[in-house]
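# Structure here, sequence nowhere to be found:
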């Protein structure tokens, strides 16, 4: 969903929570209705300021999110992180393995990357042996060997 859509959902949720707070507070203590209303407005202001602070452009640009498909299956965390950093040209802040396909020899990684100085390397061409059986070439730096 787009960033505007997420912000719209947040504003609608805040409105619903405000109405709930005012309704419950007003029914439990009718004499304190102005206090409940002031508390709801204050809560909304604080939450909107937090949403705006977290959603600001400098924080968004500090990390990029992407799904990456790597040829080869990496069994060592350090080798996987080094491969991701060399291919993507940045520092890996967080990653999560989404899929490992041992038959075809690839894995899909969800990566949070802090951009840096680097060049994306072109993919390594498959050797004739790997092209015959459909397996991906396994770099010697860390992917599991068959």
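Perfect, I can see it now. Keep in mind the model is a prediction, meaning the values are calculated, not measured. Residues are numbered from 1 along each chain as shown.
# switch to C-alpha atoms for all contacts and neighbour counts from now on
Fine.
# Confirm that residue 16 sits in a helix.
Yes. Counting by DSSP: H, G, I helix; E, B strand; the rest coil, residue 16 is located in a helix.
# What's the local residue count around it?
With neighbours defined by other C-alpha atoms under 10 Å, the count for residue 16 comes to 11.
# same thing with residue 46?
With other C-alpha under 10 Å as criterion, residue 46 counts 11.
# Which other helices and strands does whichever helix or strand it is part of contact?
Under the criterion of DSSP states H and E, residue 46 resides in helix 33-54. Where contact means 3 or more C-alpha pairs under 8 Å, 6 or more residues apart in numbering; DSSP states H and E, helix 33-54 is packed against helix 3-28.
# how much space between the residue positioned nearest the centre of the chain and residue 104?
Central residue of the chain (C-alpha atoms, centre = their mean): residue 65, 5.1 Å from the mean position. Distance, residue 65 to residue 104, using C-alpha to C-alpha, to the nearest Å: 25 Å.
# Report the secondary structure state of the residue in the chain sticking out farthest from the centre.
Residue farthest from the centre of the chain, counting by C-alpha atoms, centre = their mean, is residue 31 at 46.2 Å. Following three-state DSSP, the label given to residue 31 is helix.
# go on, residue 70?
Following three-state DSSP, the label given to residue 70 is strand.
# now swap in residue 99 and tell me
Per three-state DSSP, residue 99 ends up strand.
# so what's it closest to, chain neighbours aside?
Spatial nearest neighbour of residue 99, excluding adjacent residues (C-alpha to C-alpha, 6 or more residues apart in numbering): residue 108 at 5.0 Å.
# try residue 33
Spatial nearest neighbour of residue 33, excluding adjacent residues (C-alpha to C-alpha, 6+ apart): residue 26 at 5.1 Å.
# Just the pLDDT for that neighbour.
Looking at residue 26, its pLDDT stands at 80.
# Likewise for residue 96?
Residue 96 is given a pLDDT of 90.
# Now for it, how many residues are close by?
11.
# Next one: it from residue 88, what distance?
The gap separating residue 96 from residue 88 is 16 Å, by C-alpha to C-alpha.
# Alright, calling it a day.
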